[in-house]
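In: Structure for the following, please:
(one chain, ligands or ions: 1)
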Amino acid sequence: MLKYLLPRQLVAPATPAGEGADAPASPHADALGRAFGAAYPAVRQAAWWSVPISLFGLLPSIFLLQVYDRVIYRSGTSTLWALFSGILFFLAIEFVLRRRRSRLLRDAGATIDHGISGALLQSMLERPLRALEERPAAAWFLLFRDVGAVRMTLSSGLAQAIFDLPMALFALVVIGIVALPVLPVVVVFLGIMAFLAWWWADEVRAGRVEETERSRSLERMTAEICAARETLKTQANDGPTLAGWRQTYDRWLAESFRKNGEIETARDGTTVLLTIFSTVVITAGALSVMQQWMTVGGLVAANMLAMRALQPVAGLVSNWRALATAAEAASRLEKVLVEPVERAPSGLNLPQPPGLVRLRDVDFRFHAQGRPVFERLQLAIGPAGLHAVVGRNGAGKSTLVRLICGLYAPTAGTVSLGEYDLAQFGRDDRAKWISYLSQEVYWFAGEIIETLRRCAPGHGDEQIVAACKLAGAHDFVSRLPAGYRTRIGEGGTGLSVGERRKLGLALAFLRKPSVLVLDEPSNDLDFHSERQLINTLVAIARTRTVIVVTHSLRMVAAATHVYHVTGDGAVEQGAPADMVPRLFGSRRGEPEPATAAAAAVASASASAA
Ligand SMILES: Nc1ncnc2c1ncn2[C@@H]1O[C@H](COP(=O)(O)OP(=O)(O)OP(=O)(O)O)[C@@H](O)[C@H]1O
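Out: Okay, here's the model as predicted:
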């Protein structure tokens with residue numbers, strides 16, 4: 001029965017649905033089914049414990065019946081004590097059984113949470129970069145909250161109500177034995193309550209879509225504001241943000257009030273209905289007692305039993321919201337978990353390929369209908385050498401290096417490293433051959449050395465310090481009060497932007513890849529640090545392919561090859577001696593003293609002043 005009462009997603013293996021149906025199966029697609037499968041033995045055991053618990057739950061009514069019919073009329077004190085001790089004994093057993101059942105349900109909830117949360121996190125980290133870009137962090141955060149809602153199905157009052165349902169059946173049987181005349185009344189009311197439960201389920205479901213949407217949009221907005229708190233503070237533009245948040249909040253509150261009003265009506269209505277029901281049972285029972293169809297004890301016991309029978313059904317009525325929430329959460333999770341992830345690691349220990357990157361007929365666009373960033377691109381980069389990728393903002397430089405790293409899959413064409421077609425390998429394989437430092441690196445909170453170790457497993461402290469020296473990070477780290485043991489805040493708070501970049505570079509140097517790809521590595525670096533970085537890269541480039549996206553003229557001048565991303569789908573290439581004068585208007589790695597652009601900026605500043 002449990003299977004029919006719980007959301008489908010909690011009991012059935014997930015099946016790809018809708019747009020995901022054609023997509024390659026994700027190893028996490030069945031995570032909900034598997035998690036519930038793992039929890040099911042505990043749930044089933046809890047369901048079995050519910051049978052004796054339900055039976056014991058009837059004992060107080062039987063006790064009452066006996067007290068009225070045997071003890072009071074016959075003054076049977078010894079019977080009373082025997083009954084009293086008996087009921088205490090059974091209630092103690094019931095308490096133990098209830099504790100066990102709660103424990104089992106808690107374990108089942110934890111198993112479900114553990115299984116789904118783990119799968120969700122893995123599924124997030126394993127999906128392609130493009131897929132990650134499409135869903136904001138706040139949406140992921142909400143999905144993790146959904147896992148909690150699914151778990152709550154087993155640990156809330158709803159589970160209690162479902163598991164107590166057998167009590168309704170047992171109570172009906174006992175009423176049939178001790179108070180047959182009131183049985184039809186109880187059955188009719190049970191029917192009314194069951195109808196109400198079903199009706200409310202439908203009502204709650206219908207109205208929840210909008211409420212859920214509003215609540216999620218509010219949560220997304222709140223999460224974004226929390227993430228942008230420093231920017232809001234520094235730009236002092238929190239007024240409009242606050243106004244927007246208030247508007248979203250008010251809309252959610254209005255909808256939530258309306259929905260809660262309906263749910264409270266259902267709950268209050270149920271309470272009143274239960275009282276009416278009790279009155280009708282007593283009235284019907286009193287008439288039957290007067291007709292001598294049943295005893296007074298039967299009447300009192302029947303009233304109590306009828307309440308026992310109705311309680312789980314009433315519990316279902318008032319807990320439908322929890323069930324609807326869990327069902328929606330499960331369905332959202334199912335849809336996300338079915339989305340494709342990247343290829344799993346090959347498990348092969350392939351030889352390190354030479355650092356020769358080839359792009360053959362590569363097309364790339366972000367969206368099917370969007371403009372192409374690259375069209376029929378042909379490139380051969382390396383092996384070895386320092387390769388500078390230049391171009392105006394938004395031309396496609398970062399996109400190009402992400403294609404080279406296999407982080408973006410080309411819309412058409414192939415990207416290969418040596419003999420390996422990158423599309424055939426997963427992220428873990430590719431990361432052994434190509435090391436990539438993106439423009440912005442998130443720095444996790446914690447001790448510097450611990451974060452470095454976590455990001456570069458398998459490297460000793462000496463290697464880490466050597467990489468920091470290469471990246472020019474060692475000097476500033478050594479000057480920190482606790483050196484490499486200094487604790488850094490979330491996102492790298494406590495370090496300057498340039499210091500964070502140097503640590504990021506150290507991580508990139510720690511790996512020994514065939515190709516080292518750095519996206520604007522000298523941004524935020526001072527003059528000397530940049531010069532040191534260029535020297536390091538030139539040295540590394542003797543044996544490995546180093547690809548650098550840069551706006552720095554000095555970096556370009558030091559390169560062996562220059563690639564100009566034109567912004568119209570093509571890439572021009574040449575030696576720095578040809579490209580630098582054409583692109584920068586300078587032969588050496590120093591800017592011209594007064595270019596036309598500089599003159600224009602100067603005149604604009606003057607007129608603004
Ligand atoms: N996730 C995305 N979805 C859609 N379009 C994108 C996405 N990322 C980048 N673009 C667009 O693709 C183009 C190339 O972006 P890219 O980041 O590669 O430029 P870039 O040359 O590295 O610029 P910059 O010098 O400013 O870093 C830009 O027009 C940009 O707006």
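In: mind listing the helices for the stretch 501-609 of the chain?
Out: Along the stretch 501-609 of the chain, counting by DSSP state H, counting those that start in this stretch, helices occupy 527-540, 553-558, 576-584, 596-608.
In: Identify each buried residue in the longest one, please.
Out: For helix 527-540, the neighbour count (16 or more other C-beta atoms under 10 Å) marks 529, 530, 531, 532, 533, 534, 536, 537, 540 as buried. No exception for glycine: its C-beta is placed from N, CA and C like everyone else's.
In: Return the member of these nearest to the ligand.
Out: Set against the ligand, the nearest of those by C-beta to the nearest ligand atom is residue 530 (17.3 Å).
In: How about the residues of the chain by the ligand?
Out: Contact residues (C-beta under 6 Å from any ligand atom) of the chain with the ligand: 133, 366, 373, 391, 393, 394, 395, 396, 397, 398, 399.
In: so residue 378 is in which element?
Out: strand 372-381 (DSSP states H and E).
In: Can I get that strand in PDB, CA atoms only?
Out: What follows is strand 372-381 as a C-alpha-only set of coordinates in PDB (Å, rounded to 0.1, in the frame of the first residue of the first chain):
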ATOM      1  CA  PRO A 372      28.600  31.100 -34.700                       C
ATOM      2  CA  VAL A 373      31.600  32.100 -32.600                       C
ATOM      3  CA  PHE A 374      33.800  30.000 -34.900                       C
ATOM      4  CA  GLU A 375      33.200  28.600 -38.400                       C
ATOM      5  CA  ARG A 376      35.200  25.800 -40.100                       C
ATOM      6  CA  LEU A 377      38.200  26.600 -38.000                       C
ATOM      7  CA  GLN A 378      41.500  24.900 -38.800                       C
ATOM      8  CA  LEU A 379      44.400  25.300 -36.400                       C
ATOM      9  CA  ALA A 380      47.500  23.400 -35.400                       C
ATOM     10  CA  ILE A 381      49.100  24.500 -32.100                       C
END
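In: Direction included, what does it pair up with?
Out: Strand 372-381 pairs in its sheet with strand 357-365 (antiparallel), by DSSP bridges.
In: Which residues does the partner strand contact?
Out: Residues from elsewhere that reach strand 357-365, judged by C-beta atoms under 8 Å, 6 or more residues apart in numbering: 371-382, 399, 403-404, 408, 410-417, 515, 545, 547.
In: try it again with 6 Å
Out: Residues from elsewhere that reach strand 357-365 (C-beta atoms under 6 Å, 6 or more residues apart in numbering): 372-377, 379-382, 404, 410-417.
In: Of these, select the buried ones using a ChimeraX command.
Out: For the buried members of the contacts of strand 357-365, the matching ChimeraX selection, counting by 16+ other C-beta under 10 Å, is:
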select :372,373,374,375,377,379,381,382,404,410,411,413,415,416,417
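In: Helices of the stretch 1-150 of the chain, residue ranges please.
Out: 2-5, 8-11, 31-66, 73-74, 77-126, 129-134, 137-155.
In: Let me know the angle separating the longest one from helix 31-66.
Out: Using axes from the mean of the first three to the mean of the last three C-alpha atoms, to 10 degrees, one finds that helix 77-126 and helix 31-66 are set 170 degrees apart in direction.
In: Quick one: list the elements packing against helix 77-126.
Out: With contacts taken as 3 or more C-beta pairs under 6 Å, 6 or more residues apart in numbering; DSSP states H and E, helix 77-126 sits against helix 31-66, helix 137-155.
In: could you dump these to CSV with mean pLDDT and mean neighbour count?
Out: Shown next, in CSV, are these (pLDDT from 0 to 100; neighbours: other C-beta atoms under 10 Å):
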stretch, mean pLDDT, mean neighbour count
helix 31-66, 87, 20
helix 137-155, 85, 19
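In: May I see these organised as TSV, with distance to residue 438 added?
Out: Formatted as TSV, the helices and strands packed on helix 77-126 follow (distance: least, C-beta to C-beta, whole Å):
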stretch	distance to residue 438
helix 31-66	29
helix 137-155	16
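In: Between those helices, which one is closest to residue 565.
Out: Closest to residue 565 of the helices and strands packed on helix 77-126 is helix 137-155 (C-beta to C-beta; 28.5 Å).
In: what residues does that closest one touch?
Out: 105, 108-109, 112-113, 116-117, 124, 216, 219-220, 223-224, 325-326, 329-330, 332-333, 336.
In: quick one, what contacts the nearest residue to residue 179 once chain neighbours are set aside?
Out: Closest residue to residue 179 apart from its sequence neighbours, by C-beta to C-beta, 6 or more residues apart in numbering: residue 302 at 3.4 Å. Taking C-beta under 6 Å, 6+ apart, we find residue 302 in contact with 175, 179, 182, 285.
In: Tell me the spacing between residue 263 and the ligand.
Out: Distance, residue 263 to the ligand, by C-beta to the nearest ligand atom, to the nearest Å: 41 Å.
In: Tally up the residues packed near that residue, please.
Out: When neighbours are counted by other C-beta atoms under 10 Å, residue 263 registers 17.
In: got it, and residue 406?
Out: The number of residues packed near residue 406 is 29, by other C-beta under 10 Å.
In: three-state assignment of it?
Out: Three-state call for residue 406 (DSSP: H, G, I helix; E, B strand; the rest coil): coil.
In: and it, backbone torsions?
Out: When quoted as degrees, to the nearest 10, the phi and psi of residue 406 stand at phi 80, psi 10.
In: Let me know the pLDDT of it.
Out: Reported pLDDT at residue 406 in the predicted model: 92.
In: pLDDT averaged over stretch 310-321, what's the number?
Out: 74.
In: residues in contact with that stretch?
Out: 157-158, 161, 164-165, 168, 193-194, 196-197, 200-201, 204, 263, 266-267, 270.
In: Strands along the stretch 401-550 of the chain, start to end?
Out: For the stretch 401-550 of the chain, the strands defined by DSSP state E, counting those that start in this stretch occupy 412-417, 420-421, 434-437, 446-447, 487-488, 515-519, 545-549.
In: re the thing from before, run the angle between the strand holding residue 378 and strand 412-417 for me.
Out: Counting by the same axes, to 10 degrees, strand 372-381 lies at 30 degrees to strand 412-417.
In: Tell me the helices and strands packed up against the longest helix anywhere in the chain.
Out: Ranked by residue count under DSSP state H, the longest helix found in the chain is helix 238-290. If contacts are counted by 3+ C-beta pairs under 6 Å, 6+ apart, helix 238-290 sits against helix 183-227, helix 296-318.
In: Which one, of the ones you listed, ends up nearest to residue 487?
Out: The closest approach between residue 487 and any of those, judged by C-beta to C-beta, belongs to helix 183-227 at 21.2 Å.
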